[in-house]
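Asker: Below is the sequence, then the predicted model.
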Amino acid sequence: MGLDAQLLASLPELGRGLLMTLLLTALAALVSVLMGHLICFLQLRQQRWLRGIGQLYVSVMRGTPAMVQLFVVFFMLPLVGLGGQPLLAAVLAIGGNSAAYVAEILRVNRRLVTPGQLEAARTLGLSRFLTWWYVINPQVLRASLPMLVNEFTILLKTTPLASVVALTELTYAGQIVIARTYEATSVLLLVAAGYLLVAWPLIWSARRLEAAAGRT
């Protein structure tokens, strides 16, 4: 079989790797948003111990390599009966790492909420959680959208780390094909094209959101 035929025959394998990358990115982004909101909520509490938990999480996630975090999660899962699930480990580790940055993005944009709005929420009898959910969060999330989309682009480029726990995402699929065909350049160009195919809509969305924010 010629080289071109081998590469053509490898396209389905690379396609499956691309689908796994899409799934990993989507699930990790969901974990990132949910945990990011929780950590930001903790950092804005008046109770010192709650703020401390949020700040400690951000410091640990931002101060240690994502690969180390992935190994820690992967080897801790068997302790709770969830061993042998590389996708779960990658989603939790990559999403958890991104959550620290999402929390900081949300926290920075918290300044958009004026004291008068918080006073009005208290006058209406809203609890702190309801004030966060109905008054603070919608404004903060709207202002944070361009930066969040950029963060998810970075998250996408972090997914190749999952190969270290034997998750066959796009980069790992490319390595398998290279080992079989001995043609690194062509395969890596296909892998890069796959990432660009996923990243381009995110980059385009970020630019549109930034332009829209500039017009307001």
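Answerer: Great, that's in hand.
Asker: name the helices or strands packed onto the top helix by length along the chain?
Answerer: Longest helix in the chain by number of residues (criterion: DSSP state H): helix 3-43. Helix 3-43 makes packing contacts with helix 48-63, helix 86-108, helix 137-158, helix 170-181, helix 184-215 when contacts are defined by 3 or more C-beta pairs under 8 Å, 6 or more residues apart in numbering; DSSP states H and E. For glycine as for every other residue, the C-beta is placed from the backbone atoms N, C-alpha and C.
Asker: Out of the ones you listed, which is closest to residue 24?
Answerer: Residue 24 lies closest to helix 86-108 among those, at 5.8 Å (C-beta to C-beta).
Asker: buried stuff in the next helix or strand after the closest one?
Answerer: Using DSSP states H and E, the helix or strand that follows helix 86-108 in sequence is helix 115-123. Within helix 115-123, the residues that qualify as buried by neighbour count (16 or more other C-beta atoms under 10 Å) are residue 121.
Asker: Now do helix 115-123 against helix 137-158: the angle between them, please.
Answerer: Counting by axes from the mean of the first three to the mean of the last three C-alpha atoms, to 10 degrees, helix 115-123 points 110 degrees away from the direction of helix 137-158.
Asker: low-scoring stretches of this protein, by residue?
Answerer: For the chain, applying pLDDT under 70 flags the ranges 1-4, 209-216.
Asker: what's the angle from whatever helix or strand residue 71 lives in to helix 86-108?
Answerer: Applying DSSP H and E as the criterion places residue 71 in helix 66-76. Angle of helix 66-76 versus helix 86-108, following the same axes, to 10 degrees, is 130 degrees.
Asker: For helix 66-76, which helices and strands make contact with it?
Answerer: Going by 3+ C-beta pairs under 8 Å, 6+ apart, helix 66-76 lies up against helix 86-108.
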